[in-house]
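J.: the amino acid sequence is not available; the structure is as follows:
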């Protein structure tokens, strides 16, 4: 069994030692040399698919384990965490987040946690929509313009720049309709986006 401990810091000034200590304190591994410590310096705002943790997941197979000190080391958004956990579950990889008390190993309890996270992701999207709506109403009340600025040309798909969120969902064989619901877009918007990405054959 392979164990990878992923330690992520956002800046060079931060220290990953505290994350390492959290993992060792809670999981007193008898054979620390067998742990593959993976250090990464990257913003949590960067999608996990673009960080070293994606490479770590690629190296793991069924029965292997990936450990983080807390769930925020994986991603800052609930949607980001959820897509990672789904990708890990698809490969049969156990994910442990020490401080968060999460141990996902494919058991029934693990599936319940993922379901709760999916609900939280939906709540997160609802709150974002509400904040956006309130901001637009506030701009309108102040007499400020809303919508596309004058002189802007061309159409921008709502999913532009979000291919890293979509790929693992497709790989996990989530239906297009369900993916559209998760990403808060219409199925037509998703279809149009996938069709327009000529260089993304692997996501179809």
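T.: Ah, there it is. Just so it is clear, the structure is predicted and the values come from calculations on it, not from any experiment. Numbering: from 1, shown residues only.

J.: got the contact list for the residue nearest the centre of the chain?
T.: In the chain, the centroid-proximal residue (Cα atoms, centre = their mean) is residue 80; its distance is 1.7 Å. Residue 80 makes contacts with 47-48, 74, 165, as judged by Cβ atoms under 8 Å, 6 or more residues apart in numbering. (Glycine included, C-beta is placed from N, CA and C.)

J.: quick check, residue 38 in a helix?
T.: No - secondary structure of residue 38 (DSSP: H, G, I helix; E, B strand; the rest coil): strand, not part of a helix.

J.: residue 59 reaches residue 4, doesn't it?
T.: Yes - if you go by Cβ atoms under 8 Å, residue 59 and residue 4 touch, sitting 7.1 Å apart.

J.: so these two - more neighbours on which side?
T.: Higher neighbour count among residue 59 and residue 4: residue 4, with 20 against 13, using other Cβ atoms under 10 Å.

J.: element containing that one, please.
T.: strand 3-9 (DSSP states H and E).

J.: stretch 189-200 - what's its average pLDDT?
T.: Across stretch 189-200, the average pLDDT comes to 76.

J.: so what touches that stretch?
T.: 157-160, 163, 166-167, 176, 179-180, 183, 203-204.

J.: cool, and stretch 51-58?
T.: Contacts of stretch 51-58 (Cβ under 8 Å, 6+ apart): 4, 6, 8, 38, 40, 42, 48, 66, 74, 84, 87-88, 91, 93.

J.: for ChimeraX, write a command that selects the buried ones of those.
T.: In ChimeraX syntax, the buried subset of these is picked out as below (16 or more other Cβ atoms under 10 Å):
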select :4,6,8,38,40,42,48,66,74,84,87,88,93
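
J.: out of the contacts of stretch 51-58, what pair is the most spread apart?
T.: 42 and 91 (21.8 Å; Cβ to Cβ).

J.: can you list contacts of stretch 173-183?
T.: By Cβ under 8 Å, 6+ apart, stretch 173-183 touches 79, 86, 118, 121-122, 159, 162, 165-166, 169-170, 186-187, 189-191.

J.: which helix or strand lies directly C-terminal to the least confident helix or strand in the chain by mean pLDDT?
T.: When the helices and strands of the chain are compared on mean pLDDT, DSSP states H and E, helix 108-141 comes out lowest with a mean of 69. Scanning forward in sequence from helix 108-141 by DSSP H and E, the next helix or strand is helix 163-171.
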